[in-house]
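> okay, here's the prediction I keep looking at, along with the sequence it came from:
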Amino acid sequence: MERCLSKLNTLITSEQIETKIAELAARIREDYHDRNPVLVGVLKGSFVFLADIVRVLDIPLGIDFIGVSSYRGRMESSGEIELIQALRTPIAGRDVLVIEDIVDTGLSLNYVLNVLRQKTPASVKVCALLDKPSKRKITVPIDYSGFTVPDKFVVGYGLDFDEQYRYLSHICYLEEK
Ligand code: 5GP
């Protein structure tokens, strides 16, 4: 084993997440309550965030998922984005809100936005729980942003390291022991 990365340090508590979701949902509800948007969760990391925010939103909406991969268990993006699960909902003429766990280099989100825009939706906006701007390689729009996080590898609340830690109800950063 090269390194032991199992020391977890809390960065954002579950209470802070709950408060932030209420704030984001209030803004999204105001903008989308009469538009029946399609929320597109970017797999896998967004599944917890999406599940929580739709229940607080409490407005008519559709839900679908798109799967992209760039990490493959490492802590640095490979830079090569791969579509691993296509959207199934027809979104032509619909208002789409992309739900992201974290925007790091921006390459995944940029890829997702290009895929979605080719399907001629009425609009596409982005809601990201976490924004890690220090490693950004491409400018991407984040219309609803939760927390700005430092240049650390974070896990929990849907985010993993090698498929571990997704179940945590709070967000931690991993450190070498
Ligand atoms: P980007 O393409 O913006 O570099 O990375 C986006 C994706 O990489 C996220 O959706 C997430 O799956 C993963 N990612 C980026 N930074 C982190 C991080 O700090 N922790 C975890 N667990 N995943 C990350």
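The structure has been received and is ready for your questions.
> who in the protein is up against the ligand?
Where the chain comes near the ligand, counting by CB under 6 Å from any ligand atom, the residues are 42, 45, 70-71, 77, 100-109, 132, 153-155, 159-161. (C-beta placed from N, C-alpha, C; glycine too.)
> can you turn the buried part of these into a ChimeraX selection?
Buried residues among the residues of the chain next to the ligand (16 or more other CB atoms under 10 Å), as a ChimeraX selection:
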select :42,45,70,71,77,100,101,102,103,104,105,106,107,108,109,132,153,154,155,159,160,161
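> helices - which of the residues of the chain next to the ligand land there?
Here DSSP state H is the test, and these give Leu107, Ser108, Leu109 as lying in helices.
> would TSV of these with pLDDT and distance to Cys127 be doable?
Shown next, in TSV, are those (pLDDT from 0 to 100; distance: CB to CB, whole Å):
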residue	pLDDT	distance to Cys127
Leu107	95	18
Ser108	96	15
Leu109	97	11
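> from Leu61, how far out is Val154?
27 Å (CB to CB, to the nearest Å).
> buried residues, the longest helix along the chain. List them.
Scanning the chain for the longest helix, with DSSP H as the assignment, gives helix 14-32. Buried residues in helix 14-32, defined by neighbour count with 16+ other CB under 10 Å: Ile17, Lys20, Ile21, Leu24, Ala25, Ile28, Tyr32.
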